[in-house]
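*Asks:* Got a predicted model here, sequence first, then my questions.
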Amino acid sequence: MIPEPRRPIFWFLWPPANTAVDAEFRQVRLIRIPARGPWRLLLLVVFTLLLVMFGGVAIMASVGAGLMPVLLTSAALASALLILLRGWAIGTYVNDDGFAIRGMFTLRMGSWSSVVDIERSAGRVALKLTDGSTVGTHIARNSLDTWLRPSTYDAAAIAIENWAGK
């Protein structure tokens with residue numbers, strides 16, 4: 001007889017591990033493929049910390065100079081913050097309904113029924129659509145998410161192929 005594994009301290013917070021999943025379950029939340037890699041995280045965290053540190057100093061320094069320097073400093077910080085937040089959101093996202101490819105200033109969304117084929121050429125994954133266009137994803141061998149991690153690129157390419165059903 002195999003003994004039951006020991007329960008965690010707050011067992012009522014943990015869902016049962018071996019229960020059946022509902023057949024009607026649908027993934028509606030967008031999932032990023034691949035997850036942010038160490039290089040992208042390092043870059044984003046460093047820029048976030050720099051913006052917080054220098055932003056506070058810049059506003060404090062401009063307060064004594066008058067209204068116009070405060071407004072200009074605030075506008076520059078707000079622009080830098082928007083670009084930084086968009087940098088955190090860049091990536092290829094999927095769910096059961098389709099895909100969303102978020103660039104710095106672009107967003108391309110579509111359903112899986114509009115995807116004809118998935119191409120892996122020149123170290124980048126691209127989606128061929130029914131209208132004949134090709135949409136490049138952020139899944140690439142030399143991206144900040146997969147750089148020096150070839151298995152992550154392969155896993156992400158296979159994952160998007162599985163999501164598309166190709």
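*Replies:* Yep, it's here.
*Asks:* how about residue 138, what does it touch?
*Replies:* Residue 138 sits next to 90-92, 101, 145 when contact means CB atoms under 8 Å, 6 or more residues apart in numbering. Any C-beta I mention is one placed from the backbone N, CA and C, and that applies to glycine too.
*Asks:* which of these has the most neighbours?
*Replies:* Neighbours here are counted as other CB atoms under 10 Å. On that basis the top member of the contacts of residue 138 is residue 92, with 26 neighbours.
*Asks:* I'd assumed that residue was in a helix, is it?
*Replies:* No: according to DSSP: H, G, I helix; E, B strand; the rest coil, the state of residue 92 is strand, so it is not within a helix.
*Asks:* what number of residues lie near residue 163?
*Replies:* Taking other CB under 10 Å as the definition, residue 163 ends up with a neighbour count of 19.
*Asks:* quick one: low-confidence parts of the chain?
*Replies:* Segments of the chain classed as low confidence (criterion: pLDDT under 70) are 1-2, 4-5, 15-21.
*Asks:* What ranges does it have for its helices?
*Replies:* In the chain, helices defined by DSSP state H lie at 38-63, 67-89, 150-164, listed in chain order.
*Asks:* Show me which positions of the shortest one end up buried.
*Replies:* With burial defined by 16 or more other CB atoms under 10 Å, the residues of helix 150-164 counted as buried are 152-153, 156-157, 159-160, 163-164.
*Asks:* if we can go back for a sec, ok, and which of the helices of the chain has the densest surroundings?
*Replies:* Among the helices of the chain, the stretch with the highest mean neighbour count (mean count of other CB atoms under 10 Å) is helix 150-164, at a mean of 16.
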